[in-house]
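Engineer: predicted model follows, preceded by the sequence.
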Amino acid sequence: MSNSADLAALVEQPFALLQAMEQLSRAAHAGHGTGAVPSEWVGVGFRIGEEQFVASREQVREVLMLPDAITRVPGAKRWLLGIANLRGHLLPLIDVKLLLGSGRTTLRRSTRVISVNHREVPAGLVVDEVHGFRRFMDHEFSQEPAKTIVRCDGFLDGVYQRGDESWPHFNLFELVESKMFLQAAAE
């Protein structure tokens, strides 16, 4: 459906008319004149320090408030804040900013835990803030390495760029599978 005559033919079919209008609207939003539905990527936006990132929603199980009770783990590195009982499951809580060598996360009301949806490595990543879902069109993605203050270059898969905003794509699975992450015992 690419012109008003085609839409007028759907007047007696309201659902089909709405679908056609949605296709045209999405195409116009993406800057395409073809009427094809552009591809959209959805991720979870979050902040570490003063920088914003986005992670694949498939890698995020859920976003949680910071629990009141965190049990320290003796002999663990400082970035392993401890273990928390979240909905009946023990989850190690990791200060991502401290793990990456960029200082300790200040625990505030906006601090959140991103529960990583990994089958073998349960982890709760403590971040400064979660912004919720962020939607990007395929043409907004670039594999150019993002420049960040937080030292996370090895875990970035590119960047989504929209206007002046830059959203580096943070691969949570690469982080939790890394040797640095898996060796939590203090030396």
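Structural biologist: Everything's here; your move.
Engineer: can you give me the strands in this protein?
Structural biologist: With DSSP state E as the criterion, the chain has strands at 40-48, 51-56, 60-65, 80-86, 89-95, 112-116, 124-127, 129-137, 141-142, 156-162, 165-170.
Engineer: pull up the pairing partners for the shortest one, direction included.
Structural biologist: Take DSSP bridges as the rule and strand 141-142 pairs in its sheet with strand 156-162 (antiparallel).
Engineer: what's in contact with the strand it pairs with?
Structural biologist: For strand 156-162, the surrounding residues in contact (CB atoms under 8 Å, 6 or more residues apart in numbering) are 41, 43, 54, 134, 136, 140-146, 148, 166-171. Glycine gets a C-beta too; all of them are placed from N, C-alpha and C.
Engineer: L80 pairs with what?
Structural biologist: Residues in beta-bridge contact with L80 (DSSP bridges): I94.
Engineer: what's the local residue count around it?
Structural biologist: Counted with other CB atoms under 10 Å, residues neighbouring L80 total 21.
Engineer: now do the contacts for it.
Structural biologist: Shown in contact with L80 (CB under 8 Å, 6+ apart): 73, 92-95, 184.
Engineer: which one (most neighbours) among those?
Structural biologist: Of all those, the highest neighbour tally under other CB under 10 Å goes to I94, namely 26 neighbours.
Engineer: touching, it and K77? I think so.
Structural biologist: No. Using CB atoms under 8 Å as the test, I94 is too far from K77 to be in contact (9.5 Å).
Engineer: if we can go back for a sec, the strands of the chain into CSV, with extra columns for distance to L24 and mean pLDDT?
Structural biologist: Listed next are those as CSV, based on distance: least, CB to CB, whole Å; pLDDT from 0 to 100:
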stretch, distance to L24, mean pLDDT
strand 40-48, 15, 95
strand 51-56, 27, 96
strand 60-65, 32, 95
strand 80-86, 44, 94
strand 89-95, 45, 94
strand 112-116, 36, 97
strand 124-127, 38, 97
strand 129-137, 15, 95
strand 141-142, 23, 93
strand 156-162, 22, 92
strand 165-170, 26, 94
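Engineer: winner for burial among those strands?
Structural biologist: Of these, the one with the most neighbours on average (mean count of other CB atoms under 10 Å) is strand 124-127, at a mean of 24.
Engineer: mind checking which of the strands of the chain is nearest E177?
Structural biologist: strand 112-116 (10.2 Å; CB to CB).
Engineer: between the closest one and strand 51-56, how big is the angle?
Structural biologist: Counting by axes from the mean of the first three to the mean of the last three CA atoms, to 10 degrees, strand 112-116 lies at 30 degrees to strand 51-56.
Engineer: next, the angle strand 129-137 makes with strand 112-116.
Structural biologist: Angle of strand 112-116 versus strand 129-137, following the same axes, to 10 degrees, is 50 degrees.
Engineer: check which helices and strands strand 112-116 sits against.
Structural biologist: Counting contacts by 3 or more CB pairs under 8 Å, 6 or more residues apart in numbering; DSSP states H and E, strand 112-116 packs against strand 40-48, strand 60-65, strand 80-86, strand 89-95, strand 124-127, strand 129-137, helix 172-177.
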